[in-house]
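Asks: Starting from these lines, generate the structure:
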Amino acid sequence: MKRTGLLLVFGLLVGFGLAMDGSAQSSSPWLWGPLVGAVTDSVAVISWESTRPVSVDMHYGLAEAYEASGTWDETLTFDRQEGHAEIWLQDLTPEREYACRLVAYEGDAVYPTKIGAFRTLGPDLRSLSFLAYGHTRSFPDRHKLVADTMATIDANASHVVHVGELVDTFSSERLTNFRWAISNLGRNTSYLSAVPSSGTGDDAYFEAFALPQGGGAFGEQWWAVETGALCLIALDSSLDDPSNPAALQQAAWLRQTLSLSNAALRIVFSSDPLYSSRYVGGRNDRLISLWKDILVGGDADVLVSSFPGGYEHGYTSGIHYINTGGGGGPSVQPVADRVPGLVYQRTDILHYVRFTAVDTDLHVEAVPVASVINDEIFLTPSAGAVDSFSIRGEM
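Replies: Purely as a prediction, here's the structure:
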């Protein structure tokens, strides 16, 4: 099992090596971290990975208190930790800013990480911004450019959701490159993901991301987060066969989640889109047959999916379809001449999508980072949106 519940959990791939000889190593033991995962009104998940056995202090507390005093509210101490660790912090205060830091000790050497931050959610939260992007495989340096731009321009975003095509394969090397690319972004933003088409049966994917609870594998194959006027839902689009019991289970869960939600704004994420120029005919008929009626009947507002190297915005049956693939992966030219409800389309552009919710209003913007021309990167001189629209939700 990945975890035993909403408790302080420690020991995922944790090793307890032989006692050190007392001499400190010269290089930092941190491979990555801290990385912020799922965050709710009272819980936050922090993960990291170390390269060798070290003693670790994890400090955390209200950001305001730390900034005023320079001291931490809480410290968790772990002895001889090595490898991947995932800690669930509980009993946090809703709608507050928290800070955290890891410190490793090895002999006389001390190795502190940079300070991370996150904001807890809450039912009365009236304003919130979050980001979405996808298709980051193959080129970690391009991915880092996009991720660092998000971390700089949208430093106050509460969440970022990756919608697919994360890495070529879920190998240790590829995931290390991925962590390097998102290090600044994931340290200060709750970093979430919808299951990529290639990740459904790969335990390495579920170990790599600390996701909200939902259903399917590890309780994270599909998930939902609700706060204020927003309901965010992520689905596994590889479950597109109506004869597959897991596909029907996910569809039933989606129908129930939408029917029970009181949110005015409902945004759904999936790796594969329903409508896209990546399909011959512009349609994914298998997913349409499983999801469309549920999404329309459940008053979904936006479906955000991945798209190789470009951006598409369509609108049909009362739902906006955003296909975003600006995370740095290779471009694939469209194959469909016509896409139902297509509003805007652009290829060969590094970008992400910003969602800003105020009360029951949602503003959506596709933010450019750079253009890719003949495999060269040309930075965008302005962060003005290439496409935008607004939605007024109803409670």
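
Asks: and the nearest residue to residue 135 once chain neighbours are set aside, backbone torsions?
Replies: The shortest distance from residue 135 to any non-neighbouring residue, by Cβ to Cβ, 6 or more residues apart in numbering, is to residue 325 (3.4 Å). C-beta coordinates here come from the backbone N, C-alpha and C atoms, glycine included. Main-chain dihedrals, residue 325, degrees, to the nearest 10: phi -140, psi 40.

Asks: Equivalent analysis for residue 188, please.
Replies: Main-chain torsions, residue 188, degrees, to the nearest 10: phi -130, psi 10.

Asks: Excluding residues flanking it in the chain, which one is nearest it?
Replies: residue 117 (4.7 Å).

Asks: Now the least confident helix or strand in the chain by mean pLDDT - C-alpha only, PDB.
Replies: Every helix and strand of the chain was ranked by mean pLDDT, DSSP states H and E. The lowest is helix 203-208, at a mean of 86. The C-alpha coordinates for helix 203-208 follow below in PDB (Å, rounded to 0.1, in the frame of the first residue of the first chain):
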ATOM      1  CA  ASP A 203       3.300   2.100  -9.600                       C
ATOM      2  CA  ALA A 204       6.300   4.500 -10.100                       C
ATOM      3  CA  TYR A 205       3.700   7.200 -11.200                       C
ATOM      4  CA  PHE A 206       1.700   6.800  -8.000                       C
ATOM      5  CA  GLU A 207       4.800   6.800  -5.900                       C
ATOM      6  CA  ALA A 208       6.100   9.900  -7.600                       C
END
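
Asks: Show me how far it is from its chain's centre.
Replies: 14 Å (Cα atoms, centre = their mean, to the nearest Å).

Asks: can you list the domains in this structure?
Replies: 30-119, 127-392 (automatic domain parsing).

Asks: longest strand of this structure?
Replies: Ranked by residue count and defined by DSSP state E, the top strand of the chain is strand 44-62.

Asks: Am I right that residue 185 falls within a helix?
Replies: Yes. Assigned with DSSP: H, G, I helix; E, B strand; the rest coil, residue 185 falls within a helix.

Asks: May I have the residues that are in contact with it?
Replies: 147, 148, 150, 151, 160, 191 (Cβ atoms under 8 Å, 6 or more residues apart in numbering).

Asks: Select, from these, the two members most distant in space.
Replies: Maximum pairwise distance among the contacts of residue 185 (Cβ to Cβ): 13.7 Å, between 148 and 191.

Asks: ok, those two, which is more surrounded?
Replies: Higher neighbour count among residue 148 and residue 191: residue 191, with 25 against 16, using other Cβ atoms under 10 Å.

Asks: May I have the helix or strand that contains the more buried one exported as PDB, CA atoms only?
Replies: Secondary structure from DSSP states H and E places residue 191 in strand 190-193. Extracted in PDB, the C-alpha atoms of strand 190-193 (Å, rounded to 0.1, in the frame of the first residue of the first chain):
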ATOM      1  CA  SER A 190       0.500  22.200  -4.600                       C
ATOM      2  CA  TYR A 191       1.600  20.100  -7.500                       C
ATOM      3  CA  LEU A 192      -0.900  17.600  -8.800                       C
ATOM      4  CA  SER A 193      -1.400  15.500 -11.900                       C
END
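
Asks: Could you list the low-pLDDT ranges of this structure?
Replies: Where the chain drops to pLDDT under 70, the residues are 1-25, 198-201, 383, 395.

Asks: List the contacts of the closest residue to residue 191 other than its chain neighbours.
Replies: Using Cβ to Cβ, 6+ apart and skipping residues adjacent in sequence, the residue nearest residue 191 is residue 160, 5.6 Å away. Contact partners of residue 160, counting by Cβ under 8 Å, 6+ apart, are 130, 131, 132, 133, 150, 185, 186, 189, 190, 191, 192.
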